[in-house]
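**Q** everything below, folded, please.
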Amino acid sequence: MKPTTLDRKVDTQNKSKISGVKAKKKWVPQHKHFEGSVGEGLGFAFKRKQKAKHEYIKLLRKEKKKHPEPKNVYKDEYPEHLKHLYLAEKDKLKKEAWAHRVNRSKVRMKHKGEEEEFHEADDPPQLCLNTEDPILEETETNLDPIQTTELSDKAQQSIPMSNRMRKKQQKKTSHQKTQEEFERIRENQRKKQEEYLKNKQQREEAIQKYKQKKMDTYQRLCKKTKKGQPNLNVQMEYLLQKIQRTDK
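**A** As a prediction, this is how the structure comes out:
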């Protein structure tokens with residue numbers, strides 16, 4: 001039995017694989033710039049789509065390298081079924097820390113008050129006036145009951161502040177510093193602008209005066225006699241005045 005053409009093709013392919021020789025590429029006509037077409041349906045559109053996708057992913061990778069996202073290292077990650085317990089414990093510890101802080105500040109303020117009383121006891125006694133301030137009475141009477149309750153609540157909530165907390169509150173933030181710097185630069189620019197406009201106005205006025213003076217002298221020297229000749233008397237007078245000014 002003779003081998004068919006299909007058997008021959010399979011044998012040649014197997015031989016090429018065994019020998020390590022690459023199979024020949026498909027022949028493409030010279031007038032074609034790309035492999036395949038719409039009519040033939042050899043996957044040109046799919047290849048173009050894959051290429052565009054690859055370029056887009058490459059661009060995204062480059063952008064990600066340029067602007068990396070900050071990693072939140074201190075993020076608390078709890079298991080989902082125990083999350084409520086962890087959060088409750090966290091709130092409890094926070095409240096305890098706040099209570100200890102308040103107690104410490106109260107004790108500190110109490111000691112401070114005792115020291116002040118001790119110092120006041122050493123000082124000579126002063127006369128106490130029982131007269132009440134009418135302005136304070138008017139302000140107290142004008143206040144609404146809602147405002148008075150709010151003030152009392154605020155007074156109750158107010159906690160004696162330690163020196164550290166006071167310094168922390170007085171310390172300026174970076175935003176406040178930049179805002180102050182911006183205001184200072186703006187003020188300097190405004191002053192420079194005003195000074196420039198003032199100098200410009202003075203310069204223009206001086207130029208105007210100089211031009212007016214030149215015009216007056218020109219008109220004076222251009223005067224002529226009745227016969228149409230230049231008036232030498234006026235010119236001589238002008239020269240004498242000029243010499244006197246230079247002598248001074």
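
**Q** only C-alpha atoms for contact and neighbour calcs from this point on.
**A** OK.

**Q** which element, helix or strand, includes L197?
**A** Counting by DSSP states H and E, the secondary-structure element that holds L197 is helix 174-221.

**Q** by mean pLDDT, which helix or strand of this protein comes out lowest?
**A** helix 134-142 (a mean of 48; mean pLDDT, DSSP states H and E).

**Q** check the gap between the nearest residue to K224 once chain neighbours are set aside and R184 for me.
**A** Using CA to CA, 6 or more residues apart in numbering and skipping the chain neighbours, the partner closest in space to K224 is P230 (4.5 Å). The spacing between P230 and R184, counted by CA to CA, to the nearest Å, is 63 Å.

**Q** ditto for N103
**A** As for N103, its distance to R184 is 43 Å (criterion: CA to CA).

**Q** that older thread, R220 versus the residue nearest to K224, what's the distance?
**A** When CA to CA is the yardstick, P230 and R220 sit 11 Å from each other.

**Q** show me the shaky parts of the protein.
**A** In the prediction, the chain carries residues with pLDDT under 70 at positions 1-21, 28-43, 70-76, 118-162, 248.

**Q** can you give me the helices for it?
**A** Taking DSSP state H as the test, the helices found in the chain are 5-19, 44-66, 83-122, 134-142, 145-157, 163-170, 174-221, 232-247.

**Q** now render the ones you listed as JSON lines, adding mean neighbour count and distance to K25.
**A** Converted to JSON lines, the helices of the chain look like this (neighbours: other CA atoms under 10 Å; distance: least, CA to CA, whole Å):
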{"stretch": "helix 5-19", "mean neighbour count": "11", "distance to K25": "13"}
{"stretch": "helix 44-66", "mean neighbour count": "12", "distance to K25": "17"}
{"stretch": "helix 83-122", "mean neighbour count": "12", "distance to K25": "62"}
{"stretch": "helix 134-142", "mean neighbour count": "10", "distance to K25": "99"}
{"stretch": "helix 145-157", "mean neighbour count": "11", "distance to K25": "86"}
{"stretch": "helix 163-170", "mean neighbour count": "10", "distance to K25": "77"}
{"stretch": "helix 174-221", "mean neighbour count": "12", "distance to K25": "67"}
{"stretch": "helix 232-247", "mean neighbour count": "11", "distance to K25": "104"}
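
**Q** want to throw these into a markdown table with distance to W27?
**A** Conversion of these to a markdown table gives the following (distance: least, CA to CA, whole Å):
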| stretch | distance to W27 |
| --- | --- |
| helix 5-19 | 18 |
| helix 44-66 | 16 |
| helix 83-122 | 65 |
| helix 134-142 | 101 |
| helix 145-157 | 88 |
| helix 163-170 | 80 |
| helix 174-221 | 69 |
| helix 232-247 | 104 |
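
**Q** of all the ones you listed, which lies closest to E77?
**A** Within those, the stretch nearest E77 is helix 83-122; the backing value is 8.6 Å (CA to CA).

**Q** what angle do the closest one and helix 163-170 make?
**A** For helix 83-122 against helix 163-170, the angle between stretch directions is 110 degrees (axes from the mean of the first three to the mean of the last three CA atoms, to 10 degrees).
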